[in-house]
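> Give me the fold of what follows.
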Amino acid sequence: MNPVLMRAKALAFGTEEHTEAHDLDFVLHCGELTVLVGEQDSGRQALFDGLNGNCAIQRGMVLTPEGKIFPLQKKVFAAGSFFTEETSYRVQGVELTEILFLMQPGGCKRLHWNTARRRKRAQELLDQVQLERDVREDVSRLSPMECFQLNLAAALDSGASLMTIQEDFEGFSVADFDQLVPILKKLQQTTGLAILLNTNSLRALEKLADEVFVFRNGTIAKKLRGEKIAPRTILDHLGGAQAASEAPRPQRETLFEIQGLQVRGRSCPIVLHRGEILHLVDYDVREKQKLYRIVSGQQLVSGVSLQYEGHPLPQNWPHSPECYPITALDRFGAQGLFPQMSVAQNLIFPALRRLCGPFGLLDKGLEQAALKEWDRKKQLDGKNMAQLTQAQAIALQMESWILARRKVLILLEPFLHTDTASRSVLQSAFARFRGQGGAILVISSSRTSYLGISEQDTAAERWAPWYDRVLDVQEVCRDET
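Numbering: from 1, shown residues only. Here you go, the predicted structure:
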């Protein structure tokens, strides 16, 4: 076994009012990748934030092998969260060299370095992590896997002993994992860099983990190594499957249809039936985003037509919500994140919200009437959006679309980074929505991993009865070949 990097004894993290993780006893080893799994509120996030200095240590301590206090601030590198598909536009126009130096902690100290010196050092780091890119390239052009490699390079440059990273490996293909595994193993053997990975992806866990900490009820319930790291074992320790939905099964009447859609040069028609929940899976992140823009009417593509109840939709249909009861929500919209608006404004007139943005004004009498219509109003007395829990915000958002009698919901990654309570809210909302004759199209890069279920589990449909059908774009293209 590799040398010990740090030891934790009776560690607890939290605030003055609340302990979020407690009785944490663990050892991290040099050159190993340790994975934290569990529900979002299970304590794993508190440990992750605590080692990054974002959550206070209430009790216990983190020690070096010699028994001294481990210098978390100096020896832990928190990987940048801006290297993702959703946020790459924020750093568009910034070359890789600048990401590695000026945008890292202490980067300003190297402002006096000339461009040639910075680029030379950057190239050395990229070579070390086997990232085959020119250091002058724009960071927004990187793939998800290349972003992960760039984080590794930044960690090496920082001189840290431990890199912490929160990554769900959205958009990573099987080939990406096959390529990443030897890169990580070689890097860890040559540098001794330890990695702490906070993730929802059981697929990544199988491929990359040396050790797994399974969290339940605020502490580490189980530590797994070697052959014990298996999806079914993890599921057993996480508490098993979600309860089956009792919603009525779908009728076969076509409600929403996309004709002429081409994916990777292959035909991929999408038909959504009344009362149905269809899960569209595409592991390619950019392709997934494009699919969402097409089916939500944000992007027009020659030869592609959208139909509602057998009638073609006009090009400007998203701007006529009163005529076409179809609503598309990205991850932030689906999770109810409209903080500028009051609770009541988030509840009523959702079509108005889409047209006018977050600054539309509503009559106070209408606000009060809306709250009386909602059976959960007592939970929200005196609260604004910032005070709501994630589950309450999602419930509010889903309720608004149900009250508005929308017939088709198109959701992009609604389960990403949700806790148990939030997933329960979504499951209940899905059942109510299709119970009133609506249909839901969920677009994501994972069949089941955000629900805490392995994609390799052959009984995934039984374990996760969220969907009536799953349409895997990769399989559609493979079948046509």
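> Which stretches in the stretch 1-150 of the chain count as helices?
In chain order, the stretch 1-150 of the chain shows helices spanning 44-51, 72-75, 96-100, 115-128, 144-158, with DSSP state H, counting those that start in this stretch as the criterion.
> ok now do Pro318, which residues does it touch?
With contact set as CB atoms under 8 Å, 6 or more residues apart in numbering, Pro318 has these partners: Ser296, Gly297, Gln298, Tyr324, Ile326, Ala328, Arg354. From N, CA and C alone the C-beta is placed, and that goes for glycine too.
> ok so, going back, would you single out the least confident of the helices of the stretch 1-150 of the chain?
Least confidently modelled of the helices of the stretch 1-150 of the chain is helix 96-100, at a mean of 80 by mean pLDDT.
> Mind putting the helices of the stretch 1-150 of the chain into CSV with distance to Gln179?
Formatted as CSV, the helices of the stretch 1-150 of the chain follow (distance: least, CB to CB, whole Å):
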stretch, distance to Gln179
helix 44-51, 26
helix 72-75, 28
helix 96-100, 19
helix 115-128, 15
helix 144-158, 7
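> hmm, back to that, PyMOL command for the buried members of the contacts of Pro318?
Buried residues within those, by 16 or more other CB atoms under 10 Å, are selected in PyMOL with:
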select buried, resi 296+297+324+326+328+354
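> Identify, from the contacts of Pro318, the entry nearest to Arg121.
Out of the contacts of Pro318, the one with the shortest distance to Arg121 is Gln298. That distance is 41.1 Å, counting by CB to CB.
> Hmm, Phe172 is touching Pro144, no?
Yes: counting by CB atoms under 8 Å, Pro144 is a contact partner of Phe172 at 5.9 Å.
> So which of these two has more stuff around it?
Relative neighbour count places Phe172 above the other of Phe172 and Pro144, with 25 against 22, counting by other CB atoms under 10 Å.
> how close does the more buried one get to Ala439?
If you measure Phe172 against Ala439 using CB to CB, to the nearest Å, the figure is 30 Å.
> same question, Trp401
With the distance defined as CB to CB, Trp401 ends up 12 Å from Ala439.
> for Val37, same thing?
As defined by CB to CB, Val37 lies at a distance of 33 Å from Ala439.
> Check Asp127 too.
Distance of Asp127 to Ala439, computed by CB to CB: 50 Å.
> Compare these two (neighbour count), which wins?
With other CB under 10 Å as the criterion, Asp127 and Ala439 differ in neighbour count, and Ala439 comes out ahead with 26 against 11.
> correct me, but that one touches Glu257?
No: the pair Ala439 and Glu257 does not pass the contact test of CB under 8 Å, sitting 10.8 Å apart.
> list residues touching both of these two?
In the contact map built from CB under 8 Å, 6+ apart, the residues linked to both Ala439 and Glu257 are Leu272.
> what touches both of Trp401 and Ala439?
Taking CB under 8 Å, 6+ apart as the contact definition, Trp401 and Ala439 share the neighbouring residues Leu409.
> Select from the contacts of Pro318 every entry located in strands.
Ile326, Ala328 (DSSP state E).
> And the average pLDDT for stretch 298-313 is what?
Rounded mean pLDDT across stretch 298-313 is 89.
> Run through who's touching it.
Stretch 298-313 has contacts (CB under 8 Å, 6+ apart) with 254-262, 290, 292-295, 297, 315, 317-318, 324, 326, 328, 407-408.
> Kindly recompute the last result at 7 Å.
Among residues not part of stretch 298-313, those counted as contacts by CB atoms under 7 Å, 6 or more residues apart in numbering are 254-261, 290, 293-294, 297, 315, 324, 326.
> Just give me the neighbour total for Ser305.
Ser305: 12 neighbours (other CB under 10 Å).
> one step back: for Phe172 and Pro144, list the residues in contact with both.
Counting by CB under 7 Å, 6+ apart, nothing touches both Phe172 and Pro144.
> Please list all residues in contact with Pro182.
Contact partners of Pro182, counting by CB under 7 Å, 6+ apart, are absent.
> So it, which state does it fall into?
helix (DSSP: H, G, I helix; E, B strand; the rest coil).
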